[in-house]
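Colleague: task: produce atomic coordinates for the following.
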Amino acid sequence: MDVNHFLISSLLERWRLETHTFHFPHGETTVTLKDVAILLGLPIDGDVVTGPTTVQDIFSTFHEYLGVIPPPTVIRGNSIRVTWLNTTFQQLPPNANNDVIAQYARAYILTLIGSILMPNTSVARVHVMYLLKLADLNVVRNYSWGSAVLACLYHCLDHGIHLRQENICGCMILLQCWAWEMITSIVPQLQPLSDQEVVDGDGFPVCRRWTNVTHRINSASISVTEFQLRFDQIRTRQFLWRSYIQPEVSRLIVVDIPPVSIATVPIIASRQ
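Modeller: Got it, this is the predicted structure:
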């Protein structure tokens, strides 16, 4: 999926560090754990993704978990080039045993983390600390990867606002699909997926419904100025406060969303 940088830039202008929300004329809103679970299909309830950020011997670490020793040219500090992972683990060899399959699975997940889910500003390298969490593939699903992705996105948006960076790190696909699902005035028109496509799994995670170009109609590019104007003129009915309840979207959601994504909190108001 191509990222619309005009859209991302226009959203970034409305991000506020103090509240971690986007400010629009009708109120504040933000990406939540529920959005991550539905749009990306990642677990949002589980063990925290945390641990050491350095290793004593990075080459031995890669040999242990990936079965190969990368050349020094693709290593910088505690990170490795994503392109090297793509090239080295592009095709699973025939008659691969369980150990080799696990090594390729780790490399694939590491590539997803470094290029899509939690990329840095260059989208060129991924940190070895994530490989350590993939040591035992049987417990990988027990981690709250969705929480890590959302925390990374918040951090990247904060960092981008503070330093006025040209490139923003974090999961831009999540942010873009969230905007398309929520703000009707900027959404590309889509033909609904057929019942068979839904059965085949083409609609979940819900981000997938935006990746099939055969379903796009009149998806012409909109300039930053046009996005800014549409955000300035947005009306209450053009923002879907109760998201994912539309029939064309709700029928795509095939998992139960953990209650951890919902909280009841008091409203605090102050007089100026």
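Colleague: how about the closest residue in space to Val126 that isn't next to it in sequence, what does it touch?
Modeller: Spatially, and ignoring its direct neighbours in sequence, Val126 is nearest to Gly114 (2.6 Å; CB to CB, 6 or more residues apart in numbering). In this view, the C-beta of every residue, glycine as well, is placed from N, C-alpha and C. By CB atoms under 8 Å, 6 or more residues apart in numbering, Gly114 lies in contact with Val82, Leu85, Asn120, Val123, Arg125, Val126, His127, Tyr130.
Colleague: can you list which of those residues are found in strands?
Modeller: Mapping the contacts of Gly114 onto strands (DSSP state E) picks out Arg125, Val126, His127.
Colleague: any of these buried? List them.
Modeller: Arg125, Val126, His127 (16 or more other CB atoms under 10 Å).
Colleague: show me which of those residues is closest to Val254.
Modeller: Closest to Val254 out of those is Val126 (29.3 Å), distances taken as CB to CB.
Colleague: so that closest one makes contact with Asn86?
Modeller: No: the criterion here is CB atoms under 8 Å, and Val126 misses it with Asn86 at 11.0 Å.
Colleague: now the common contact residues for those two.
Modeller: Joint contacts of Val126 and Asn86 (CB under 8 Å, 6+ apart) are Thr111.
Colleague: longest helix anywhere in this structure?
Modeller: Taking DSSP state H as the criterion, the chain has its longest helix at helix 145-163.
Colleague: name the residues of that helix that are buried.
Modeller: Neighbour count says helix 145-163 has 145-150, 152-154, 156-157, 160-161 buried, by 16+ other CB under 10 Å.
Colleague: tell me how far that helix lies from the chain's centre.
Modeller: A distance of 10 Å separates the centroid of the chain from that of helix 145-163, by CA atoms, centre = their mean, to the nearest Å.
Colleague: could you point out the helix or strand that follows it?
Modeller: helix 172-182 (DSSP states H and E).
Colleague: which outside residues touch that next one?
Modeller: 1, 3-4, 7-8, 11, 29, 31, 35-36, 39-40, 116, 149-150, 153, 186-188, 206-207, 210, 239-240, 243-244, 249.
Colleague: may I have it exported as PDB, CA atoms only?
Modeller: Extracted in PDB, the C-alpha atoms of helix 172-182 (Å, rounded to 0.1, in the frame of the first residue of the first chain):
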ATOM      1  CA  MET A 172       2.000   5.200   8.600                       C
ATOM      2  CA  ILE A 173      -0.300   2.600   7.100                       C
ATOM      3  CA  LEU A 174      -2.200   2.400  10.400                       C
ATOM      4  CA  LEU A 175      -2.500   6.200  10.500                       C
ATOM      5  CA  GLN A 176      -3.600   6.500   6.900                       C
ATOM      6  CA  CYS A 177      -6.200   3.700   7.100                       C
ATOM      7  CA  TRP A 178      -7.500   5.100  10.400                       C
ATOM      8  CA  ALA A 179      -8.000   8.500   8.700                       C
ATOM      9  CA  TRP A 180      -9.800   6.900   5.700                       C
ATOM     10  CA  GLU A 181     -12.100   4.900   8.000                       C
ATOM     11  CA  MET A 182     -13.000   7.900  10.200                       C
END
